[in-house]
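# Here is the input, now give the coordinates:
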Amino acid sequence: MSMIFALIIILFSAIIHEYMHGWMADRLGDSTARDQGRLTLNPAAHIDLWGSILMPALIFVGTSGALIFGYAKPVPFNPYNLKDQKYGVAKVAVAGPLANLITALFFGLFLRLVPGLSLVLASFLAAIVQINLVLMIFNLLPIPPLDGAKVLMPFLPYDWQMKLMQFEHYGFIFVLLFVFFGFSLIVPVINFLFKLIVGV
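Reported below is the predicted structural model:
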């Protein structure tokens, strides 16, 4: 897989992820994303120079193509506008990873069930599945500000919620450390799901 193909896949996968955050928030009563022009699949509204292009390219080159990871600009939402004040934030958070799972399932089943695909097309579809599984699993890690922490938050005691919110100020540092030093911990899960979906 070339770096250009990988960047295209991760860009659009990250955009789908962020769009679904905004879509879910909109459905739950907060129109912030729509009002700011972010409830769209237009890449221009979501591209983050560092997260969508430079960081994925550096990781791809630095790992000789073994790993690629990136993100789009987070879609804004106001949690106080959500109809569901207890679980609303968790619903908005889980919508992104679920979008990546659905994308992985769609292209994975297409790859699995449609015969006679060319090697190039099959490789491209496999990359879509793999990258979306990476985004899903990674974002579900309970490290603030990742989605997993927001999904977990309403189920924790109040004291733990406060500690997790304080932890968010330093979360990005831990996210980067995990990308470079802890990523191997989730690779077996990604590989298992990939084989389960694609059937190899």
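# only C-alpha atoms for contact and neighbour calcs from this point on.
Will do.
# need the contact list for residue 13.
Neighbouring residues of residue 13 by CA atoms under 8 Å, 6 or more residues apart in numbering: 100, 131-132.
# Residue 51 touches residue 71, doesn't it?
Yes. Counting by CA atoms under 8 Å, residue 51 touches residue 71, with 4.9 Å between them.
# Neighbour count: the two, which is higher?
Neighbours per residue (other CA atoms under 10 Å) separate residue 51 from residue 71, with residue 71 holding more: 24 against 17.
# Quick check: that one vs residue 198, distance?
24 Å (CA to CA, to the nearest Å).
# With residue 157 instead?
39 Å.
# what do you get for residue 27?
32 Å.
# Could you do residue 180 as well?
From residue 180 over to residue 198 (counting by CA to CA), the distance is 27 Å.
# With residue 178 instead?
From residue 178 to residue 198 the distance is 27 Å (CA to CA).
# So between the two, which is more surrounded?
Each of residue 178 and residue 198 has its neighbours counted (other CA under 10 Å); residue 198 has more, 20 against 15.
# What score does that one have for pLDDT?
Model confidence at residue 198, given as pLDDT, is 94.
# Just checking, which helix or strand succeeds the helix or strand where residue 56 lies along the chain?
Per DSSP states H and E, residue 56 falls inside helix 55-62. Sequence-wise, the next helix or strand downstream of helix 55-62 (DSSP H and E) is helix 88-113.
# residue nearest the centroid of the protein?
The centroid of the chain falls nearest to residue 135 when counting by CA atoms, centre = their mean (3.7 Å).
# Please look at that one and residue 97 and confirm they touch.
Yes. The pair residue 135 / residue 97 is scored as a contact, 7.0 Å apart, by CA under 8 Å.
# Count the neighbours of residue 103 for me.
When counting by other CA under 10 Å, one arrives at 19 neighbours for residue 103.
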